[in-house]
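**Q** Just a sequence and a predicted model for now, questions to come.
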Amino acid sequence: MKEIKLHKAWVSHYQGLESVIGDLEVLQEFYAEGEATEEEVEAQYEKALVVLEDVEFRSTLNKPEDELSAIIEINAGAGGTEACDWAEMLYRMYVLYGEKNNFKVSEVNRVSGDVAGVRSVSIEVNGDYAYGMLKSENGVHRLVRISPYNSQGKRMTSFASVFVHPLIDNSIEVEVNPADLSWDTFRASGAGGQHVNKTESAVRVRHLPSGIVVECQAERSQHMNKEKAIQMLKSRLYEAELERLAAEKQNVESGKMKNEWGSQIRSYVLDDRRVKDHRTNHQTSQTDAVLNGDIGDFLKAFLMWNTDTL
């Protein structure tokens, strides 16, 4: 069933490309006969280029995990309130990106900052190829700005780490031995009403062999949070295996470049009106647009760059 869905998705993209190229050919014939203007042909040509580039970058999403939904975890770095505020700005950026691209976004876990922002937050981004599109966001994100939390109006630098995991579904099996799990329950700290905050509905599970810890407090019942936590744990274990395989491949192909997970990947310099990705060198002066979720060009630039370096 999964393969049929993927096949239809790719067919749709290529049919769209075929259609715009066909329209361009027809328009060129009209132009040759004096029935279309040069401006109309140029406009259709630019449209065809956009569709071609879209199909080209989507062809890079060719790994089994690329088609899956994603979990994004954001953690504030050192820096107190400033760092917590930066973590929440990134959270908002990814939520807006998801909404603008027809993904379903839901909050899974949140630990609020003492004054503002969040110390950590996890969101689920549901939709085809969410992980494939967002996997490039793994790493440290750096913010430089005139801080609203500094009474002297000084320029401050803050850091937040972002981790993106594929959210496994029924098409991928990950075995977890119940004997390898250690469970804790606690009261949820985020929004959710009296029921959520007065009962120990939030859960924390530790996978003893790997040391991976997952928390979930999004659902109203402990049972539902346990189900979600297990799904998140399986996603983390699956990703760890992908990283292990990638590391083995890197040892064999030592001459090739590799994206280092956890490294500083992008800087957002607000007073200079500049956002730059340090891997691809893609940058823009539209800082407000980026923080409002318009990160598609950065994601596409990484996918094309990553293909070129492999």
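**A** Yep, it's here. These numbers were taken from a predicted model, which means no experiment stands behind them.
**Q** Surely Asn281 is in a strand?
**A** No - assessed with DSSP: H, G, I helix; E, B strand; the rest coil, Asn281 is coil; it does not lie in a strand.
**Q** Could you pull up the residues touching Lys276?
**A** Each residue near Lys276 by Cβ atoms under 8 Å, 6 or more residues apart in numbering is listed here: Arg266, Ser267, Val269, His282, Gln283. Heads up, the C-betas are built off the backbone N, CA and C, glycines and all.
**Q** Look up which residues are beta-bridged to it.
**A** On the basis of DSSP bridges, Lys276 is bridged to Ser267, Gln283.
**Q** I'd assumed Asp85 was in a helix, is it?
**A** Yes - when three-state DSSP is applied, Asp85 is found to be in a helix.
**Q** if I look at it, how far off is Ser147?
**A** From Asp85 over to Ser147 the distance is 9 Å, taken as Cβ to Cβ, to the nearest Å.
**Q** And those two? Which one has more around it.
**A** Asp85 (23 against 20; other Cβ atoms under 10 Å).
**Q** Leaving out chain neighbours, which residue sits closest to the more buried one?
**A** Among residues not flanking Asp85 along the chain, Gly117 sits closest, at 3.9 Å (Cβ to Cβ, 6 or more residues apart in numbering).
**Q** Now do the contacts for that neighbour.
**A** Ala76, Thr81, Ala83, Cys84, Asp85, Trp86, Ala87, Glu88, Met89.
**Q** Give me the distance between it and Leu237.
**A** Taking Cβ to Cβ, one finds Gly117 at 30 Å from Leu237.
**Q** on that earlier part again, so the residue nearest to Asp85 versus Leu233, what's the distance?
**A** 26 Å.
**Q** quick one on the thing from earlier: list the backbone torsions phi and psi for the residue nearest to Asp85.
**A** Note on Gly117: its backbone torsions stand at phi 70, psi -160 [degrees, to the nearest 10].
**Q** My guess is Ile71 contacts Asn126. True?
**A** No - Ile71 lies out of contact with Asn126 (Cβ atoms under 8 Å); the separation is 9.9 Å.
**Q** More neighbours: these two, which one.
**A** Comparing Ile71 with Asn126 by other Cβ under 10 Å, the one with more neighbours is Ile71, at 27 against 16.
**Q** And what about the more buried one, helix, strand or coil?
**A** Going by three-state DSSP: Ile71 is strand.
**Q** what sits against it?
**A** Counting by Cβ under 8 Å, 6+ apart, Ile71 has contacts Val108, Ser122, Ile123, Glu124, Val125, Val164, His165, Pro166, Leu167, Met232, Ser235.
**Q** how much space between it and Ala36?
**A** If you go by Cβ to Cβ, the gap between Ile71 and Ala36 works out to 49 Å.
**Q** what about Leu134, neighbour count?
**A** 25.
**Q** tell me the contacts of the nearest residue in space to Gly132 that is not next to it in sequence?
**A** What sits nearest to Gly132 in space, not counting adjacent residues and going by Cβ to Cβ, 6+ apart, is Asp66, at 3.1 Å. By Cβ under 8 Å, 6+ apart, the contact set of Asp66 is Tyr129, Tyr131, Gly132, Lys135.
**Q** dump the residue contacts of the spatially closest residue to Ile295 that is not a sequence neighbour.
**A** Once flanking residues are discounted, Ile295 sits nearest to Tyr97: 5.4 Å by Cβ to Cβ, 6+ apart. Shown in contact with Tyr97 (Cβ under 8 Å, 6+ apart): Phe103, Gly293, Asp294, Ile295, Gly296.
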